[in-house]
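J.: Show me the folded form of this:
(2 chains)
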Amino acid sequence: QKEVEQNSGPLSVPEGAIASLNCTYSDRVSQSFFWYRQYSGKSPELIMSIYSNGDKEDGRFTAQLNKASQYVSLLIRDSQPSDSATYLCAVKEKSTSYGKLTFGQGTILTVHP
Amino acid sequence: KAGVTQTPRYLIKTRGQQVTLSCSPISGHRSVSWYQQTPGQGLQFLFEYFSETQRNKGNFPGRFSGRQFSNSRSEMNVSTLELGDSALYLCASSLGQTLNEQFFGPGTRLTVL
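T.: Below is the predicted model:
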């Protein structure tokens, strides 16, 4: 079992719709969870971080964390063509894993007009 | 505040050569993590430096090494290059505490011929 798994995609949604991206992780003591966006040919850009169970909203983005189910998700409301990118889920697995984030394989999102 | 900078942005080397990549973190950040990104393996953690000390290391051969200077700038070195070392090498900067977010530089694209 992979340490961090994301829904395989690719995911295609129409403009204005809600895009839902999902991620599960295997290490129960994971502490920190991040969503990065990566445009083709560019480096990952941090868009959300979440540390506690529940929802965290930032503009059109909502991150949801459920540590009991080892599940983290990202919702993008009112999706725009500019949201088309690869979304990477990253997990910091335990307190002694200094500087190490474990990434999922990414989900490619396409928002079509 | 200036972001993370990496030099050079592109490199072409031949098998057997060695290469040194440089990373300057965000001002005030003391932690630098290095990652390798390839289409097949995704983003994989190489190592992390904090205050000139390597705190964590991923599962890469000893040909991959790094160091950090007193001004927090970091370098990574790959010796005896192999074709499989062709990848995007990314460094990420953070404050270095347990829950801190990591911010990526633009990356160095290494091609080994």
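J.: so how far is stretch A:26-41 off the chain centroid?
T.: Distance of stretch A:26-41 from the chain centroid (CA atoms, centre = their mean, to the nearest Å) equals 6 Å.
J.: got it, and stretch B:43-62?
T.: The answer for stretch B:43-62 is 9 Å, by CA atoms, centre = their mean.
J.: Please apply the same query to stretch B:23-32.
T.: With CA atoms, centre = their mean, you get 12 Å for stretch B:23-32.
J.: how far away is residue A:113 from residue A:17?
T.: As judged by CB to CB, to the nearest Å, residue A:113 and residue A:17 stand 12 Å apart. The way it works is simple: take the backbone N, C-alpha and C, and place the C-beta from them, glycine included.
J.: who's more crowded, these two?
T.: Comparing residue A:113 with residue A:17 by other CB atoms under 10 Å in any protein chain shown, the one with more neighbours is residue A:17, at 14 against 7.
J.: How many neighbouring residues does residue A:13 have?
T.: A count of neighbours around residue A:13, defined by other CB under 10 Å, yields 17.
J.: Isn't it up against residue A:107?
T.: No: in this structure, residue A:13 is not within contact of residue A:107 by CB atoms under 8 Å, at 11.7 Å.
J.: Name whatever forms a beta bridge with residue A:50.
T.: As for beta bridges, residue A:50 partners with residue A:33 under DSSP bridges.
J.: Run through the bridge partners of residue A:74.
T.: Residues in beta-bridge contact with residue A:74 (DSSP bridges): residue A:21, residue A:63.
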